[in-house]
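I would like to see how this sequence folds:
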Amino acid sequence: MRSWFTRSRGEAVGDRPDVVRRHGTDDHSAAASGISRRNVVTGGIWSVPIIAAAVGTPLAAASAVACPEISDGATWATAVPAAGTSVGFTGAGVNAWGTVNERRVWRISRDADSTTEDAYAETYTTIDMVAGVEYTFSLEISANYAYYTEPIDPAAGGHEVQVQINGQVVQEYTTRTAWSPRTQIPLSPPSGARVWTTFTFTYTATSTGPAVYRYLNRLGATTTASSSDDVFISQPVLVACIA
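Here you go, the predicted structure:
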């Protein structure tokens, strides 16, 4: 698969209503404490997780600490596209932060403007973290095909999302496991009730100070279909912080 890119700390980069479109658009695999999973492929735009050996440290008694605040998505930096080209509905509040089903979500409904190349979108903020503290995040994701109004096309381009913290890939989700073997995001049925799936994961901070928390979306080339999958990913919530 193509590689994702990872932007350096602090680098700036770019809602969709339920409307009709007829054209193109974990608790799983969380990184363990002390394990590095960051790698940047030269010339690429997709970070590839690589597991590196860690040096063990003596265990100490864990205790809960106050969790930091996470700013509202409206204040996050965004870029659509962040790389490649994309097309699709561009009305107010589309491909941006907004509210869907009473959730604050990052909504990407555009499509890669190519049958051979992927496109990318991203949003990020900073969260104050303390070295050695384990942070447990919870988020919800919903997905649908072609503005939620058409039968799901098996040939459509998939949609994948990476969660990165300080450039380290901590979670990856996809709408099409045949396209990308990541954690599955169920597709909501056409014109049916929107399906939301909750995921949790942990991250242990390696340094003290603002950490860059990022959602990086990869929009699959449209191949033979005229549209691709749309993804709605909620603002994260910190459910536990353990020192």
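
Grab the nearest non-local neighbour of residue 166.
Among residues not flanking residue 166 along the chain, residue 211 sits closest, at 5.1 Å (Cβ to Cβ, 6 or more residues apart in numbering). C-beta: built from backbone N, CA, C; applies to glycine.

For the helix or strand in which the one you found is found, list every residue counted as buried.
Assigned by DSSP states H and E, residue 211 belongs to strand 209-219. For strand 209-219, the neighbour count (16 or more other Cβ atoms under 10 Å) marks 211, 212, 213, 214, 215, 216, 217, 218, 219 as buried.

Sort out which one of those lies nearest residue 234 for me.
Taking Cβ to Cβ as the measure, residue 234 sits nearest to residue 215 out of the buried residues of strand 209-219, at 10.1 Å.

rewinding a little: what is the nearest of the buried residues of strand 209-219 to residue 141?
residue 215 (10.1 Å).

Across the sheet, point out what pairs with residue 107.
residue 232 (DSSP bridges).

burial of it, as a residue count?
22 (other Cβ atoms under 10 Å).

same question, the one 10 residues further on
By other Cβ under 10 Å, 15 other residues sit near residue 117.

Quick one: classify it as helix, strand or coil.
Classification of residue 117 using DSSP: H, G, I helix; E, B strand; the rest coil returns coil.

Thought residue 220 was touching it, still the case?
No - taking Cβ atoms under 8 Å as the definition, residue 117 is not a contact partner of residue 220, at 9.8 Å.

Residue 238 and residue 68 touch, don't they?
Yes - at 7.1 Å, residue 238 counts as touching residue 68 under the criterion of Cβ under 8 Å.
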